[in-house]
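1. Structure, please.
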Amino acid sequence: MRHLFALLFCLTLPSAWAEMTLTVFDQDNLPVSDAVVMVSNNAVRTPNTVAVMDQIDESFVPRVLVVQKAQYVSFPNSDDIRHHVYSFSQPKTFEIKLYKGTEVAPILFDKAGLVVLGCNIHDDMIGYIIVADNTFALKTDQDGKVRIPAKSGDSVSLWSERFIEGMSAVKKIAITSNIEQSISLELLPPIGMMDHSNMDKGFGKKKWSK
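-> Coordinates of the predicted model:
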């Protein structure tokens, strides 16, 4: 009986943890990386680990960081020059004045939403922290792919800094497959071709919830 129970458990485990692959393309059929997909019906706990938003070669690394509500983020400066990191976004307004190295304590991100990062010294430095509301959230890879715990009939939320509607926009995507699905979106040009000189310091005011 014990062996039979173990066998049944193993047979049912894959379906309980079934995942499907979602691939995001733009209008030119190019993969969209760093798009964040959130599965609101899949709750997760806040990790005990401290997430890292580094600064390398006058850039935020990673450009897009996904964390959970109530998670801490550290901001090491790996450059040989000082940076002045700030955010005016409603979920987390903060400022780290001129510094380098790891001399700054991690910062708590206790509200869900989009946090846009900038540097007062280098205007072209832009980064994003997506604070998920204790729901499953991952970003697409360089091939535009992400594996998510979703099935046909579900819906997920998707964010990209390339949305024509603005960086605070979040779109609902209907899942139509249990295995693999591709979606195509009308987006702004790839990141390297975008002009962020007029970035709205008020981005991130929209509250995200389950």
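2. For the residue positioned nearest the centre of the chain, identify the helix or strand it belongs to.
-> Centroid-nearest residue in the chain, with CA atoms, centre = their mean: V66, separated by 3.7 Å. Element membership for V66 (DSSP states H and E) is strand 64-68.
3. strand partners of that strand, parallel vs antiparallel please.
-> Sheet partners assigned to strand 64-68 using DSSP bridges are listed as strand 126-132 (parallel).
4. Mind listing what's buried along the partner strand?
-> I126, G127, Y128, I129, I130, V131, A132 (16 or more other CB atoms under 10 Å). Using the backbone N, CA and C atoms, a C-beta is placed for each residue, glycine as well.
5. Could you double-check that S182 lies in contact with F25?
-> Yes: judged on CB atoms under 8 Å, S182 makes contact with F25 at a distance of 6.3 Å.
6. What distance do you get for V52 to P76?
-> Noted for V52: a distance of 7 Å to P76, by CB to CB, to the nearest Å.
7. what do you get for L188?
-> 30 Å.
8. quick one: the helices in this structure?
-> 2-16 (DSSP state H).
9. Low-confidence regions, it specifically.
-> Applying pLDDT under 70 to the chain picks out residues 1-18, 192-210.
10. Recalculate using a threshold of 90.
-> Within the chain, the segments meeting pLDDT under 90 span 1-18, 98-103, 123, 190-210.
11. Okay, buried residues for stretch 48-62 please.
-> Those would be A51, M53, D54, Q55, S59, F60, P62, for stretch 48-62 by 16+ other CB under 10 Å.
12. hang on, isn't the fifth one packed against M125?
-> Yes: checked against CB under 8 Å, the pair S59 and M125 is within contact range at 6.3 Å.
13. Counting neighbours, what do you get for the nearest residue to K100 once chain neighbours are set aside?
-> Spatial nearest neighbour of K100, excluding adjacent residues (CB to CB, 6 or more residues apart in numbering): N77 at 4.3 Å. N77 has 22 neighbours, counted by other CB atoms under 10 Å.
14. give me the beta-bridge partners of N77?
-> Taking DSSP bridges as the rule, N77 bridges to Q55, G101.
15. Over to K145?
-> Counting by DSSP bridges, the residues bridging with K145 are T23.
16. shouldn't it be in contact with M20?
-> No: with contact defined as CB under 8 Å, K145 and M20 do not form a contacting pair (10.8 Å).
17. So between these two, which is more surrounded?
-> Shown here are K145 and M20; by other CB under 10 Å, M20 has more neighbours (19 against 16).
18. show me what contacts that one?
-> Taking CB atoms under 8 Å, 6 or more residues apart in numbering, we find M20 in contact with R147, I148, A150, K151, I175, S177, N178, I179, E180, Q181.
19. Now a ChimeraX select for only the buried ones of those.
-> Here is the ChimeraX command that selects only those of the contacts of M20 that count as buried (16+ other CB under 10 Å):
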select :148,150,175,181
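20. burial measure for G144, as a count.
-> Using other CB under 10 Å, G144 has 19 neighbouring residues.
21. any idea how far S168 is from it?
-> Going from G144 to S168 by CB to CB gives 22 Å.
22. Same question for S40.
-> 18 Å.
23. Same check on R147?
-> 26 Å.
24. rewinding a little: if you look at the buried residues of stretch 48-62, which of them are in strands?
-> With DSSP state E as the criterion, strands contain A51, D54, Q55, S59, F60 from among the buried residues of stretch 48-62.
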